[in-house]
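Enquirer: Everything below, folded, please.
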Amino acid sequence: MAAEVGEFHFLAVLSQKNFASFTLCESLLPFNIYKIMSETPHIDIDYVANLARLDLSDDEKAKLGSQLDDILGHFDKLNGVDVEGVEPMAHAHRVFNVWREGDEPGETYSPEVLTKMAPEQRDNQVVVPKVVE
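Expert: Predicted structure coming up:
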(Lines give C-alpha, C1' and ligand atoms only; values in the text may rest on other atoms or scores of the structure.)
Protein backbone atom coordinates (compact mmCIF):
# COMPACT_ATOMS: atom_id res chain seq x y z
CA MET A 1 0.00 0.00 0.00
CA ALA A 2 2.76 2.44 0.91
CA ALA A 3 4.51 1.71 -2.38
CA GLU A 4 1.36 2.51 -4.35
CA VAL A 5 0.91 5.77 -2.49
CA GLY A 6 4.61 6.49 -2.85
CA GLU A 7 4.53 5.89 -6.60
CA PHE A 8 1.55 8.17 -6.98
CA HIS A 9 3.12 11.02 -5.06
CA PHE A 10 6.49 10.47 -6.68
CA LEU A 11 5.06 10.66 -10.19
CA ALA A 12 2.94 13.68 -9.21
CA VAL A 13 6.09 15.51 -8.18
CA LEU A 14 7.75 14.50 -11.44
CA SER A 15 4.90 15.85 -13.55
CA GLN A 16 4.67 19.08 -11.54
CA LYS A 17 8.40 19.53 -11.87
CA ASN A 18 8.37 19.08 -15.63
CA PHE A 19 5.87 21.89 -16.06
CA ALA A 20 7.54 24.06 -13.43
CA SER A 21 10.99 23.65 -14.96
CA PHE A 22 10.15 26.19 -17.64
CA THR A 23 9.78 28.92 -15.02
CA LEU A 24 12.01 27.84 -12.13
CA CYS A 25 15.75 28.09 -12.27
CA GLU A 26 17.65 24.89 -12.99
CA SER A 27 19.36 24.79 -9.60
CA LEU A 28 16.05 24.32 -7.79
CA LEU A 29 15.23 21.07 -9.57
CA PRO A 30 16.97 17.69 -9.74
CA PHE A 31 16.71 17.86 -13.53
CA ASN A 32 14.67 19.83 -16.00
CA ILE A 33 12.98 19.41 -19.35
CA TYR A 34 15.87 20.97 -21.27
CA LYS A 35 18.29 18.34 -19.97
CA ILE A 36 15.75 15.60 -20.63
CA MET A 37 15.48 16.63 -24.24
CA SER A 38 19.24 17.02 -24.81
CA GLU A 39 21.02 14.35 -22.79
CA THR A 40 20.52 11.38 -20.53
CA PRO A 41 19.38 12.95 -17.25
CA HIS A 42 20.69 12.09 -13.83
CA ILE A 43 17.76 11.76 -11.45
CA ASP A 44 18.43 12.15 -7.77
CA ILE A 45 15.73 9.83 -6.42
CA ASP A 46 16.45 10.85 -2.83
CA TYR A 47 15.96 14.52 -3.68
CA VAL A 48 12.68 13.97 -5.51
CA ALA A 49 11.40 11.64 -2.77
CA ASN A 50 12.26 14.31 -0.20
CA LEU A 51 10.27 16.88 -2.19
CA ALA A 52 7.28 14.53 -2.06
CA ARG A 53 7.92 13.90 1.66
CA LEU A 54 8.34 10.16 1.05
CA ASP A 55 10.39 7.74 3.07
CA LEU A 56 11.27 5.12 0.46
CA SER A 57 13.03 1.82 1.00
CA ASP A 58 15.96 0.83 -1.24
CA ASP A 59 13.65 -1.53 -3.17
CA GLU A 60 11.12 1.24 -3.77
CA LYS A 61 13.88 3.62 -4.91
CA ALA A 62 15.17 1.02 -7.38
CA LYS A 63 11.67 0.32 -8.71
CA LEU A 64 10.81 4.01 -9.07
CA GLY A 65 14.19 4.74 -10.63
CA SER A 66 13.60 2.20 -13.38
CA GLN A 67 10.06 3.51 -13.91
CA LEU A 68 11.38 7.05 -14.25
CA ASP A 69 13.98 5.87 -16.75
CA ASP A 70 11.14 4.36 -18.82
CA ILE A 71 9.13 7.58 -18.61
CA LEU A 72 12.08 9.73 -19.59
CA GLY A 73 12.85 7.33 -22.43
CA HIS A 74 9.63 8.50 -24.05
CA PHE A 75 11.11 12.00 -24.26
CA ASP A 76 13.89 10.56 -26.41
CA LYS A 77 11.23 9.34 -28.84
CA LEU A 78 9.83 12.88 -29.00
CA ASN A 79 13.27 14.16 -29.96
CA GLY A 80 13.06 12.09 -33.14
CA VAL A 81 9.77 13.59 -34.31
CA ASP A 82 10.09 15.97 -37.26
CA VAL A 83 8.27 19.18 -36.30
CA GLU A 84 9.54 21.26 -39.20
CA GLY A 85 6.71 23.48 -40.38
CA VAL A 86 4.44 22.59 -37.45
CA GLU A 87 3.03 25.70 -35.86
CA PRO A 88 3.26 25.86 -32.04
CA MET A 89 -0.12 25.82 -30.35
CA ALA A 90 -1.53 26.29 -26.86
CA HIS A 91 -4.39 23.79 -27.25
CA ALA A 92 -4.70 20.32 -28.70
CA HIS A 93 -7.48 21.59 -30.97
CA ARG A 94 -7.61 24.84 -32.84
CA VAL A 95 -9.64 27.32 -30.83
CA PHE A 96 -11.72 29.94 -32.57
CA ASN A 97 -14.19 32.47 -31.28
CA VAL A 98 -17.59 31.20 -32.29
CA TRP A 99 -20.22 33.87 -32.66
CA ARG A 100 -23.78 33.30 -33.66
CA GLU A 101 -24.92 35.22 -36.68
CA GLY A 102 -26.99 38.20 -35.67
CA ASP A 103 -25.83 37.95 -32.04
CA GLU A 104 -25.90 41.61 -31.14
CA PRO A 105 -26.14 43.15 -27.67
CA GLY A 106 -29.69 44.00 -26.87
CA GLU A 107 -31.53 45.96 -24.27
CA THR A 108 -30.15 45.64 -20.75
CA TYR A 109 -31.78 46.20 -17.40
CA SER A 110 -30.73 48.96 -15.07
CA PRO A 111 -29.08 48.01 -11.75
CA GLU A 112 -32.18 49.21 -9.91
CA VAL A 113 -34.45 46.83 -11.82
CA LEU A 114 -32.07 43.90 -11.32
CA THR A 115 -31.64 44.46 -7.58
CA LYS A 116 -35.41 44.70 -7.13
CA MET A 117 -35.67 41.15 -8.53
CA ALA A 118 -33.47 39.86 -5.69
CA PRO A 119 -35.13 38.69 -2.47
CA GLU A 120 -33.03 41.12 -0.40
CA GLN A 121 -31.11 44.23 -1.45
CA ARG A 122 -29.29 47.12 0.20
CA ASP A 123 -27.55 50.19 -1.30
CA ASN A 124 -28.27 49.04 -4.86
CA GLN A 125 -26.60 45.66 -4.17
CA VAL A 126 -27.91 42.13 -3.74
CA VAL A 127 -27.60 40.77 -0.19
CA VAL A 128 -26.67 37.09 0.06
CA PRO A 129 -26.21 34.82 3.08
CA LYS A 130 -22.73 34.58 4.58
CA VAL A 131 -20.91 31.54 3.15
CA VAL A 132 -17.47 31.87 4.77
CA GLU A 133 -17.02 31.86 8.51
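Enquirer: Can you name the residues that contact Lys61?
Expert: Ile45, Asp46, Ala49 (CB atoms under 8 Å, 6 or more residues apart in numbering). C-betas here are computed from N, CA, C, even on glycine.
Enquirer: Swap in 7 Å and give it another go.
Expert: Going by CB atoms under 7 Å, 6 or more residues apart in numbering, Lys61 touches Ile45.
Enquirer: now do Lys77
Expert: Here Lys77 is in contact with no residue (CB under 7 Å, 6+ apart).
Enquirer: going on from the lengthiest helix in the chain, what's the next piece of helix or strand?
Expert: Criterion DSSP state H: the longest helix present in the chain is helix 58-79. Remark: after helix 58-79, the chain's next helix or strand is helix 111-117, criterion DSSP states H and E.
Enquirer: Which positions in that next one come out as buried?
Expert: Thr115 (16 or more other CB atoms under 10 Å).
Enquirer: contact partners of it?
Expert: Taking CB under 7 Å, 6+ apart as the rule, helix 111-117 contacts Gln121, Asn124, Gln125, Val126.
Enquirer: Quick check: beta-bridge partners of the third one?
Expert: Same thing as Gln125. Here Gln125 sits in beta bridges with Arg122, as judged by DSSP bridges.
Enquirer: Could you check how far it is from Pro111?
Expert: Counting by CB to CB, to the nearest Å, the gap from Gln125 to Pro111 is 9 Å.
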